[in-house]
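>>> structure for the following, please:
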Amino acid sequence: MSQTDTHDAHNDEASERPSYVPQDTLHRGTTTPDIVVITGMSGAGRTEALHTFEDLGYYAIDNLPPSLILQLAELVGINSGIGKHLAVVCDVRSEGLFDELFDTLEQLSEHELSHSVVFLDSTDEALQSRYALVRRRHPIALDGESTIAAIKRERSILQGVRDQADIVFDTSSLTSKELRRRLQQAYSELSSQQLLEVRVFSFGYKYGMPDEADIMIDVRFLPNPYYDAEMRHLTGLDEQVSTYVLSNEETTAFIQSWESLLDTVMPGYVKEGKSQLSIAVGCTGGQHRSVTLAVQTAHYLRDKGYQVSLSHRDLARAQQR
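So this is what the prediction gives:
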């Protein structure tokens, strides 16, 4: 799909299809609006868009009448100055209240609340195909009205909103991941790497393997400080243990290969739009080797620009022994 194709106002057939938006209009700089209004054609991806904003930290509300946006913004403290943002879906299910959208946007400006309108569009053919696939009735279809007729009627109702939207996405050929990525590019101040929340944690195999790990690495092959009486009751957070683990040749060779693997797979997760990733580092008891290598892994990924949290699942158990 080319984003540079433009709408031909002189072609009656093309006038029923959404135009494409040039790439440079999809990037809004570093300013994140207080309120994002998501609207557009039913079946064009409004729910996926709302989930994307929710993952970006927005309060996310579906099917909200436009007249309630300002009231909701004040209720959740959007204008409190502490960095909260609101994303709402408004669509033709609001019926007559939908006409109030533009008045509401003016009110938001009067209250010094920045806002942006995202319009999700798609061709009639693509929308009809989606409704046929899920075997659902179009939400505004009248008794006896065909899906394609309801689509065309909805398009006519929404034309004025589409014309004044800040950003229009044509989702006809977009996957959910592609739509998510474009919304992130347009509305997040974070880099692509920072949008991936990475959780690194250590664990002990003797307490069970973690179910939530996307990547799990076993470091039980490395020399074990547990068998040194001076370090048995210490942990991988202690300098003596950390130095012991990191200074031997096996660990040096492992870290080189491990970091090379991370350099290979992490950009792939970013590219596919993954929002969360868990990396588990395990040893026998979750006390020495896994703790040291989890810390090392977290530091490495942070230096690469990723947003990383670090925890040690079984360290408290090990210290109680």
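>>> would you map the helices across the chain?
With DSSP state H as the criterion, the chain has helices at 46-55, 69-75, 101-110, 124-134, 147-163, 176-187, 239-247, 249-271, 289-303, 315-319.
>>> may I have stretch 239-249 as PDB, with CA atoms only?
Listed next in PDB are the C-alpha coordinates belonging to stretch 239-249 (Å, rounded to 0.1, in the frame of the first residue of the first chain):
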ATOM      1  CA  GLU A 239      30.400  -7.900  44.800                       C
ATOM      2  CA  GLN A 240      32.400 -11.000  45.800                       C
ATOM      3  CA  VAL A 241      29.900 -13.300  44.100                       C
ATOM      4  CA  SER A 242      29.500 -11.100  41.100                       C
ATOM      5  CA  THR A 243      33.200 -10.900  40.500                       C
ATOM      6  CA  TYR A 244      33.600 -14.600  40.900                       C
ATOM      7  CA  VAL A 245      30.900 -15.400  38.300                       C
ATOM      8  CA  LEU A 246      31.900 -12.800  35.800                       C
ATOM      9  CA  SER A 247      35.700 -13.300  35.900                       C
ATOM     10  CA  ASN A 248      35.900 -16.900  34.800                       C
ATOM     11  CA  GLU A 249      36.400 -17.900  31.200                       C
END
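>>> pull out the buried positions in that stretch.
Of the residues in stretch 239-249, 241-242, 244-246 count as buried by neighbour count, 16 or more other Cβ atoms under 10 Å. Where you see a C-beta, it was placed from the backbone N, CA and C, and this is true even at glycine.
>>> Serialize the residues you listed to a markdown table and add fields for pLDDT and distance to Gly40.
A markdown table is the format used below for those (pLDDT from 0 to 100; distance: Cβ to Cβ, whole Å):
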| residue | pLDDT | distance to Gly40 |
| --- | --- | --- |
| Val241 | 97 | 56 |
| Ser242 | 96 | 53 |
| Tyr244 | 96 | 59 |
| Val245 | 97 | 54 |
| Leu246 | 96 | 53 |
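>>> tabulate the residues you listed (a markdown table), appending distance to Met266.
Formatted as a markdown table, the buried residues of stretch 239-249 follow (distance: Cβ to Cβ, whole Å):
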| residue | distance to Met266 |
| --- | --- |
| Val241 | 27 |
| Ser242 | 24 |
| Tyr244 | 28 |
| Val245 | 23 |
| Leu246 | 22 |
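>>> can you pick out the most distant pair from these?
Val241 and Leu246 (9.5 Å; Cβ to Cβ).
>>> overlap in contacts of these two?
Thr292 (Cβ atoms under 8 Å, 6 or more residues apart in numbering).
>>> count the neighbours of Gln287 for me.
As a burial measure, Gln287 scores 29 neighbours (other Cβ atoms under 10 Å).
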